[in-house]
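can't give you the sequence, but here's the structure:
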């Protein structure tokens, strides 16, 4: 199990550069894969289960949206693996300040979905979750990448909160 924290740069600037809408509220935002490192807007794609995760989070009562260009839809990644890769979720500072339990709820929903999804596939399946969190003091963004078993997901809430408060 590994959890890596890195600088995500100017996420809002990247979104503007690619003609994508800027997160501005108390919501979770599903980002395209590698939005902070992609060379062009044409390189952006969503993870295979991005729409499913969006619907599950919305059904749990969370405000969530998927970043898309205004005139079209981004392609969806197709992968052939026993591992499960979650879409990148952007956690705004406002969300963590106004609705601190939202991240805990989201992680619970994702953990339940992954557990059901991987049931009976391969016992050693790993998951990969990526979050971008906005810090409250400096306004910078940090990327948290988790790779490991489903059981480690619940520890991410503490890490995201600590990054937000830093």
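Structure received. What you see is a predicted model; the values in this text were computed from it and never measured.

pLDDT score assigned to the spatially most central residue of the chain?
Centroid-nearest residue in the chain, with C-alpha atoms, centre = their mean: residue 89, separated by 1.8 Å. For residue 89, the model assigns a pLDDT of 92.

Do I have it right that it meets residue 23?
No - counting by C-beta atoms under 8 Å, residue 89 stays clear of residue 23, with 10.6 Å between them. All C-beta spots, glycine's among them, are computed from the backbone N, C-alpha and C.

what sits in contact with each of these two?
Shared contacts of residue 89 and residue 23, defined by C-beta atoms under 8 Å, 6 or more residues apart in numbering, are found at residue 29.

For the protein, which segments are assigned as strands?
Along the chain, counting by DSSP state E, strands occupy 2-7, 28-31, 64-66, 84-85, 88-91, 127-134, 141-148.

Where among these is average confidence lowest?
strand 84-85 (a mean of 80).

now that strand, how far from the centre of its chain.
Centre-to-centre, strand 84-85 and its host chain are 12 Å apart (C-alpha atoms, centre = their mean, to the nearest Å).

ditto for stretch 68-88
Here stretch 68-88 shows a centroid-to-chain-centroid distance of 12 Å under the convention C-alpha atoms, centre = their mean.

Then stretch 127-136?
Centroid separation between stretch 127-136 and its chain, computed with C-alpha atoms, centre = their mean, is 6 Å.

How about stretch 43-62?
9 Å.

swap in stretch 134-145?
Relative to its chain's centre, stretch 134-145 lies at 13 Å (C-alpha atoms, centre = their mean).

And stretch 55-75, by the same measure?
11 Å.

Ends of that stretch, what's the gap?
Using C-alpha to C-alpha, to the nearest Å, the span of stretch 55-75 from its first residue to its last is 18 Å.

in that stretch, what's buried?
Going by neighbour count (16 or more other C-beta atoms under 10 Å), the buried part of stretch 55-75 is 56, 57, 62, 64, 65, 66, 67, 68, 74.

and what of stretch 98-110?
So, applying 16+ other C-beta under 10 Å, buried residues of stretch 98-110: 102, 103, 105, 106, 107, 109, 110.

burial of residue 86, as a residue count?
If you count neighbours by other C-beta atoms under 10 Å, residue 86 ends up with 21.

quick one: the residue lying closest to residue 50 once chain neighbours are set aside and residue 34, what's the gap?
The shortest distance from residue 50 to any non-neighbouring residue, by C-beta to C-beta, 6 or more residues apart in numbering, is to residue 87 (4.0 Å). Distance, residue 87 to residue 34, using C-beta to C-beta, to the nearest Å: 11 Å.
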